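Engineer: make a model of this:
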Amino acid sequence: MPGKLAECLKSLGYEKFTELQKKSFESIALNNASTLIVAPTGSGKTEAAVIPVMYSILKQGLKPIACIYVTPLRALNRDIEKRLKKLAECFGLEISLKHSDTPEKTRKAILEKPPHILVTTPENFNYIMVNERLAPSLANLRFIVFDEFHELLESKRGLLAFTTTFLLEKRLGRRLVKIALSATLSNLDKAREIVGLGGDASVVEDSSVKKMSITVEVPECSSELCSKVKSLIGDERQAARISRIIELVEKHTGVLVFVNTRSLAERLGSLLKTIPERLGMQGLRVEVHHGSLSRSHRESVESSFKKREVKALVSTSSMELGIDIGHVDLVIQYLSPRQATRLTQRVGRSGHRLSGESKGVVLSMDNTMHFLESLVLAKRTAERAIEKEEIIYSPLDVLAYAMAVESLLFKEGFSKEGFYSEIRQHPLYRDL
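Structural biologist: Here you go, the predicted structure:
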């Protein structure tokens, strides 16, 4: 890389590429190949994808919009935008973010001066496709990145993004360089086929295994703290779990407490906020984070947690995916996570560094089946024996949406027979 560019990257902490990033750079920047990057959380996947893309945009003098970066969560979008903007300054490129929370002023700015890289959600990707004012810039598209690919692969919003990408390629008359990033993936061949990477695509895997330590506990109400908590809430079993969470939070720097539903996040978060206060315990600020909360609240909570003003976050899957929060040294899973894949993602939030150890505690009920389920999932997670991805083939509701997108692109109409023949070329609709 040119000297000034290398120096700029070093100033951001990128002293040298990891092996993963070297392989990705060769595949994307040098070979211009679609690439599937599979590596643990904290291994530098984001940089492995975007540095070669930015280098290609700079070297080839590509015009906006040269790349679209698709991530499944708004919170993840904001984090990615901040990280990419720092990198983009080294390359002299512009980055913008567009999703449902984006202020009107920013939306207008994107239309008036499109960025080199546009970060968005699967849903907004479709709006970008049909926006007439962005059409001239969209004609410049060369790269599309699918972050948290495993999440998209098993959701209809992800399948729609893959379908509309396929239709966009047909409209542009060329194949895009597609880059998919995933921490967990059990069927590489099927995944590569569905996203449309093609037989000539590269698969870049991180062969190193990040150390992961997971314990399963059934808390008992035997401590003085638990007795005090029980006197406040009455339920001994719940008091045992609450007091154990408080003990673990006290011992660690930053803790994520994962639950499976938003309603449980609110209930548990409320208890963990109020009980320490009522017991006169200091420095145990706890907040709640999930997708139904307002944008301003989520941003405030994320910022406070990163600044270490908040000691623990009670969250659903909104904090499960790749937000760079660095200082988390423990993940608590409240009750069974139901999937080894999910537990892998969640525990991987701790020790979010290449050399860090991921530590997790599953707090189980004193119910035999629940306890056994938690034990099995913890064992499978530790052994990397994750579930196979469940992909829905020929999803008719997704196809109907894609046809609606097509009708907005071709207002004079389009041939049903031609569309049917075209869409069956996509592996997802081969048996339509």
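Engineer: CA atoms for contacts and neighbours, from now on please.
Structural biologist: Will do.
Engineer: so what's residue 407 closest to, chain neighbours aside?
Structural biologist: Of all residues beyond its chain neighbours, the one nearest residue 407 is residue 413 (6.2 Å), with distances taken as Cα to Cα, 6 or more residues apart in numbering.
Engineer: hang on, that neighbour is in a strand, isn't it?
Structural biologist: No. Inclusion of residue 413 in a strand is not indicated when DSSP: H, G, I helix; E, B strand; the rest coil is applied; the result is coil.
Engineer: and it, backbone torsions?
Structural biologist: Taking degrees, to the nearest 10, you get phi 110, psi 170 for the backbone angles of residue 413.
Engineer: quick one, grab the pLDDT at it.
Structural biologist: Predicted confidence (pLDDT) for residue 413: 90.
Engineer: my guess is it contacts residue 403, does it?
Structural biologist: No. Using Cα atoms under 8 Å, residue 413 is not in contact with residue 403; the gap is 10.7 Å.
Engineer: which one of the two has more residues nearby?
Structural biologist: The residue with more neighbours, out of residue 413 and residue 403, is residue 403; 17 against 10, by other Cα atoms under 10 Å.
Engineer: how about the nearest residue to residue 22, chain neighbours excluded?
Structural biologist: residue 48 (7.7 Å).
Engineer: what's the neighbour count on the one you found?
Structural biologist: For residue 48, using other Cα under 10 Å, the count is 23.
Engineer: what kind of secondary structure is it in?
Structural biologist: Residue 48 falls in the helix class when you classify it by three-state DSSP.
Engineer: now do the contacts for it.
Structural biologist: Residues near residue 48 by Cα atoms under 8 Å, 6 or more residues apart in numbering: 20, 21, 22, 24, 25.
Engineer: make it 10 Å
Structural biologist: Applying Cα atoms under 10 Å, 6 or more residues apart in numbering to residue 48 gives the contacts 17-25, 28, 37, 181, 204.
Engineer: in CSV: those, plus secondary structure and neighbour count.
Structural biologist: Shown next, in CSV, are those (DSSP: H, G, I helix; E, B strand; the rest coil; neighbours: other Cα atoms under 10 Å):
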residue, secondary structure, neighbour count
17, coil, 13
18, coil, 16
19, helix, 14
20, helix, 22
21, helix, 24
22, helix, 14
23, helix, 18
24, helix, 30
25, helix, 23
28, helix, 26
37, strand, 25
181, strand, 23
204, strand, 20
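Engineer: nearest to residue 165, of those residues?
Structural biologist: residue 181 (16.3 Å; Cα to Cα).
Engineer: where does residue 360 land in three-state SS?
Structural biologist: Put simply, residue 360 is strand when judged by three-state DSSP.
Engineer: please report how far it lies from residue 292.
Structural biologist: 26 Å (Cα to Cα, to the nearest Å).
Engineer: residue 113 too?
Structural biologist: 31 Å.
Engineer: the more surrounded of those two?
Structural biologist: Under the criterion of other Cα under 10 Å, the comparison of residue 113 against residue 292 puts residue 113 first, with 15 against 9.
Engineer: contacting residues for the more buried one?
Structural biologist: 64, 65, 94, 96, 107, 134, 137.
Engineer: tell me which of those residues has the lowest pLDDT.
Structural biologist: Within the contacts of residue 113, lowest confidence goes to residue 107 (80).
Engineer: from what I see, that residue and residue 118 are in contact.
Structural biologist: No. Using Cα atoms under 10 Å as the test, residue 107 is too far from residue 118 to be in contact (11.4 Å).
Engineer: between those two, what contacts are shared?
Structural biologist: Counting by Cα under 10 Å, 6+ apart, the residues touching both residue 107 and residue 118 are 96, 97, 98.
Engineer: how about the residues you listed in CSV, adding distance to residue 286 and secondary structure?
Structural biologist: Output for the shared contacts of residue 107 and residue 118, formatted as CSV (distance: Cα to Cα, whole Å; DSSP: H, G, I helix; E, B strand; the rest coil):
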residue, distance to residue 286, secondary structure
96, 31, strand
97, 29, strand
98, 30, strand
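Engineer: which SS class is residue 365?
Structural biologist: coil.
Engineer: tell me how many other residues crowd it.
Structural biologist: 19.
Engineer: how about it, what does it touch?
Structural biologist: By Cα under 10 Å, 6+ apart, the neighbours of residue 365 are 217, 218, 219, 237, 238, 241, 334, 335, 336, 371, 374.
Engineer: switch to 6 Å and redo it
Structural biologist: Counting by Cα atoms under 6 Å, 6 or more residues apart in numbering, residue 365 touches residue 218.
Engineer: for the one 10 residues further on, same thing?
Structural biologist: By Cα under 6 Å, 6+ apart, no residues touch residue 375.
Engineer: if you set the cut-off to 10 Å instead, what comes out?
Structural biologist: Here residue 375 is in contact with 214, 215, 216, 217, 336, 362, 364, 369, 381 (Cα under 10 Å, 6+ apart).
Engineer: for PyMOL, write a command that selects the buried ones of those residues.
Structural biologist: Buried residues within the contacts of residue 375, by 16 or more other Cα atoms under 10 Å, are selected in PyMOL with:
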select buried, resi 214+216+217+336+362+364+381
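Engineer: so which of the contacts of residue 375 comes closest to residue 145?
Structural biologist: Residue 145 has its nearest neighbour among the contacts of residue 375 in residue 381, at 26.8 Å by Cα to Cα.
Engineer: secondary structure class for the closest one?
Structural biologist: Assignment for residue 381 (three-state DSSP): helix.
Engineer: surely it meets residue 345?
Structural biologist: Yes. Residue 381 is within contact range of residue 345, at 9.5 Å (criterion: Cα under 10 Å).
Engineer: Serialize the contacts of residue 113 to CSV and add fields for distance to residue 122 and secondary structure.
Structural biologist: Listed next are the contacts of residue 113 as CSV, based on distance: Cα to Cα, whole Å; three-state DSSP:
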residue, distance to residue 122, secondary structure
64, 19, coil
65, 17, coil
94, 21, coil
96, 15, strand
107, 17, helix
134, 17, coil
137, 19, helix
